[in-house]
Each structure stands twice: as C-alpha cells, then as structure tokens.
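>>> Let me see the structure of the following:
(2 chains)
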Amino acid sequence: GAVVSQHPSRVICKSGTSVKIECRSLDFQATTMFWYRQFPKKSLMLMATSNEGSKATYEQGVEKDKFLINHASLTLSTLTVTSAHPEDSSFYICSAREMLLGAAGELFFGEGSRLTVL
Amino acid sequence: TQLLEQSPQFLSIQEGENLTVYCNSSSVFSSLQWYRQEPGEGPVLLVTVVTGGEVKKLKRLTFQFGDARKDSSLHITAAQPGDTGLYLCAGSATGTYKYIFGTGTRLKVLA
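Numbers count the residues shown, from 1 in each chain, chains lettered A, B, ... in the order given. Predicted coordinates:
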C-alpha cells in the first residue's frame, strides 16, 4: 500500500515554543491531507483538511492561529503548533488519500507524532 | 456535526469467543470504513463499504453496512489475541471528502 511518513515521531518542547510536524506521501500524490488529534485511549478527532495550494479548512472549535497548516506541494503538508502549552500535548496523526480514488479511496495514515509540552 | 457512536466502548473476551462491534449515526454516509489501530501507531484500514446492505468478509471478520447507510457492524468470529486493538469506524457523508471517526471500541482478547 501507499506510504505516508510523519516526522518527528516524538517531540518534547518547552511551553511557549512552536513545533512543526511534517506529513509526506512517499509514493503517491495527495491533493488533500487530513490532520487528526488523538488523546490517550480515545478516538481520532479531525482538526483540519489540508488542501494543496490553498488554505486549510478547519473543523469547528479548532484554532487556526494555533494550529497552522501548510500544504506546499502534492506530497507535503505541515502542522505547526504555535506557542505550545501543556494542554496541546497529544498524538497528532496525518492521513492522505491518493488523489485519483476520490471519497471511497483508502486513507493512508502516518505513524503519528507524539507531542509533549513541558 | 456528524457523530458516530460505537458500542461497546470496551470489550474483554476470551480467545475463541465471538463479538460484534456497532457503529451508529443519525447521518447518512456515502462510504464507511473500519480501521484497527495499535498503540502508538496510525490506524490501518480493514474494509470500505459503500452500498446499503453490503456485507464484506475478511477472514474471520464480517462487516455490514446498514440498508439506510447510517450504521455498520463488525463481527469477529473465534477471536484471537492478535485481534486486540482499537477498532474505529469512519464515515464520509455524501458531498464531502473527509472522514469523521467513531468513538472507538477497545478490544482485548485474552489467551
């Protein structure tokens, strides 16, 4: 299957700093990528839809100035957690759909990035 | 806002038992997917269903999409310890391209 890679897999930062997480589709092109947040032992919560070449679409309740998303190419989307606080600590997961397969296509998930804010 | 409720939330069973996980919503979905997730990893797709009433089988796993495309079920026959994990349904509403995940069912199969 297709491969989506996230980096870093783990990051620890001090409160007030910004952290960037990268999501790459390694062997396919993805016009749309999705960013999810997952709390311990909970399900995935969709944060935003990242569209190549345009602004991300954020879900209700997600602060766009807090979670900056950039989708600069068909294979790369980044999530920047700005001025991170301990409550931002979480498991962040990206996913991508191969652009030709449409809504019924499989979502390929990255390995996830565990953020810990001290 | 779409809401996908899964039941049960937690399930601990003995090896060899059967189980069913339910995924229910008031919304109609154009497609629904089931995923399994291991701790610290991303979810892995098990199946996609798109037609109301559709039944798909994957070895010991049987997936059904409700006739009205508002609900789905996952049945596991003769569960094994390797089936342990978090099971997630995810639905995509008609006219959208994003998937919303269900509340999750955490399964533990004891040897």
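>>> what bridges to the single nearest residue of chain A relative to chain B?
Nearest residue of chain A to chain B, counting by C-beta to the nearest C-beta: residue A:109, 3.2 Å away. Yep, even glycine has a C-beta here, placed from its N, CA and C like the rest. Residue A:109 has these beta-bridge partners by DSSP bridges: residue A:95.
>>> what ranges do the helices span in chain A?
For chain A, no helices turn up when DSSP state H is the criterion.
>>> Find the residue closest to whichever residue of chain B sits closest to chain A in space, skipping its chain neighbours.
Nearest residue of chain B to chain A (C-beta to the nearest C-beta) works out as residue B:42 at 3.2 Å. Using C-beta to C-beta, 6 or more residues apart in numbering or on different chains and skipping residues adjacent in sequence, the residue nearest residue B:42 is residue A:109, 3.2 Å away.
>>> show me what contacts that neighbour?
The contact partners of residue A:109, by C-beta atoms under 8 Å, 6 or more residues apart in numbering or on different chains, come to A:4, A:93, A:94, A:95, B:42, B:43, B:44.
>>> Contact distance from chain A - what residues of chain B qualify?
Counting by C-beta under 8 Å from any C-beta of the partner chain, chain B comes close to chain A at B:1, B:6, B:30-31, B:33, B:40-45, B:48, B:50, B:86, B:88, B:90, B:92, B:96-104, B:106.
>>> which among those residues end up buried?
The neighbour count (16 or more other C-beta atoms under 10 Å in any protein chain shown) marks B:6, B:30-31, B:33, B:41-43, B:45, B:48, B:86, B:88, B:90, B:92, B:97-102, B:104, B:106 as buried among these.
>>> remind me which residues of chain A are low pLDDT?
Applying pLDDT under 70 to chain A picks out residues A:1, A:99-105.
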